[in-house]
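Asker: Model the structure of this input:
(one chain, ligands or ions: 2)
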Amino acid sequence: MLSAPGEAANLAALQGYLDVGRVAIDMAAHIRHLGWDAKAVTTMASAELLHIPLAIKAGLGELGKSGLLITREFGANVRLAAVLTNLPVTLDSPADIGIADFCALCQLCVKQCPAGAISLEKQMVRGIQKWVTDIGKCAPYFVEHHACGICLEICPWTEHGPRISEMMLHRRSLPPIEERLAVQGLQRGSSVVKP
Ligand code: SF4
Ligand code: SF4
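Answerer: Ligands and ions are numbered 1, 2, ... in the order given. Below is the predicted model:
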């Protein structure tokens with residue numbers, strides 16, 4: 001995917017959908033074999049549900065400014081599939097891996113999106129303030145260029161997710177910058193003169 005946009009990235013993306021779809025189909029078959037109802041819902045073959053909100057609720061990652069699911073381990077470089085079932089399961093909960101803090105500082109996807117589909121500010125969607133991609137701008141570019149994926153490839157989390165997550169969560173444990181500067185007898189805007 002790091003070569004996106006291009007044929008190799010397109011093939012990798014399709015292979016990802018295929019692989020995760022197979023896992024979902026096998027898992028659903030196994031659950032049915034146990035006696036419960038189960039149905040695989042792959043991204044490519046169904047518009048039955050939105051995978052990203054479910055993945056966020058399940059703690060797989062957080063929503064990035066690009067409108068993509070960003071995971072700690074693989075950044076935006078993931079493909080999703082789901083299994084609908086009445087099998088009793090232990091519910092996971094949303095995870096905080098530091099993406100909101102990082103996206104508030106980063107503008108890479110906004111600047112690199114060739115269609116101008118990613119905005120700097122969150123928008124109100126069905127009563128919730130959130131980052132959302134303008135699909136009316138993304139889709140025509142995507143179709144005209146036979147795919148894209150630039151927002152996925154340039155996101156720093158895609159290559160350095162675990163390190164960035166650790167850094168952002170550690171940052172929260174630090175005292176405010178004013179306190180840290182005061183320890184050194186400095187304040188915001190002070191210049192350090194080296195001997
Ligand atoms: S896929 Fe390409 S056009 Fe669509 S939002 Fe991402 S960078 Fe922009
Ligand atoms: S490129 Fe930057 S702003 Fe965009 S989703 Fe990734 S971390 Fe967030």
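Asker: residues contacting C151?
Answerer: 66, 68, 76, 109, 112-113, 118, 133 (CB atoms under 8 Å, 6 or more residues apart in numbering). For every residue, glycine as well, the C-beta is placed using N, CA and C.
Asker: distance between the longest helix along the chain and the chain's centre?
Answerer: In the chain, taking DSSP state H as the definition, the longest helix is helix 7-33. Remark: helix 7-33 is offset 19 Å from the chain centroid, using CA atoms, centre = their mean, to the nearest Å.
Asker: before we move on, the earlier item: quick one: which of the contacts of C151 is nearest to T158?
Answerer: Set against T158, the nearest of the contacts of C151 by CB to CB is A76 (5.3 Å).
Asker: Quick check, that closest one in contact with G149.
Answerer: No: contact criterion CB atoms under 8 Å: A76 and G149 do not qualify, at 9.0 Å.
Asker: Looking at those two now, which is surrounded by more residues?
Answerer: A76 (24 against 21; other CB atoms under 10 Å).
Asker: quick one, what contacts that one?
Answerer: Here A76 is in contact with 64, 66, 68-70, 151-152, 155, 157-158 (CB under 8 Å, 6+ apart).
Asker: now with 10 Å?
Answerer: Contacts here follow CB atoms under 10 Å, 6 or more residues apart in numbering; on that basis A76 touches 1, 61, 64, 66-70, 109, 149, 151-158, 161.
Asker: Among the residues you listed, name the ones that also lie close to ligand 1.
Answerer: When CB under 6 Å from any ligand atom is applied, the members of these adjacent to ligand 1 are 149, 151.
Asker: Restricted to helices, list the contacts of A76.
Answerer: Cross-referencing these against helices under DSSP H gives 109, 151-154, 156-158, 161.
Asker: ok, which residues in the chain are in contact with ligand 1?
Answerer: Residues of the chain lying near ligand 1 by CB under 6 Å from any ligand atom: 113-115, 117-118, 133, 138, 141-142, 148-151.
Asker: buried subset of the residues you listed?
Answerer: 113, 115, 117-118, 133, 138, 141-142, 148-151 (16 or more other CB atoms under 10 Å).
Asker: lowest-confidence helix or strand of this structure?
Answerer: When the helices and strands of the chain are scored by mean pLDDT, DSSP states H and E, helix 177-183 comes last with a mean of 79.
Asker: Show me which residues of that helix are buried.
Answerer: By neighbour count with 16+ other CB under 10 Å, helix 177-183 contains no buried residues.
Asker: Take that helix, keep the C-alpha atoms, and write them as CSV.
Answerer: The C-alpha trace of helix 177-183 is given here as CSV (Å, rounded to 0.1, in the frame of the first residue of the first chain):
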residue,chain,number,x,y,z
ILE,A,177,4.4,23.1,28.7
GLU,A,178,4.3,26.3,30.9
GLU,A,179,5.2,24.2,34.0
ARG,A,180,8.0,22.4,32.2
LEU,A,181,9.5,25.7,31.0
ALA,A,182,9.2,27.2,34.4
VAL,A,183,11.4,24.4,35.9
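Asker: what about it, distance to the chain center?
Answerer: For helix 177-183, the distance to the chain centre is 33 Å (CA atoms, centre = their mean).
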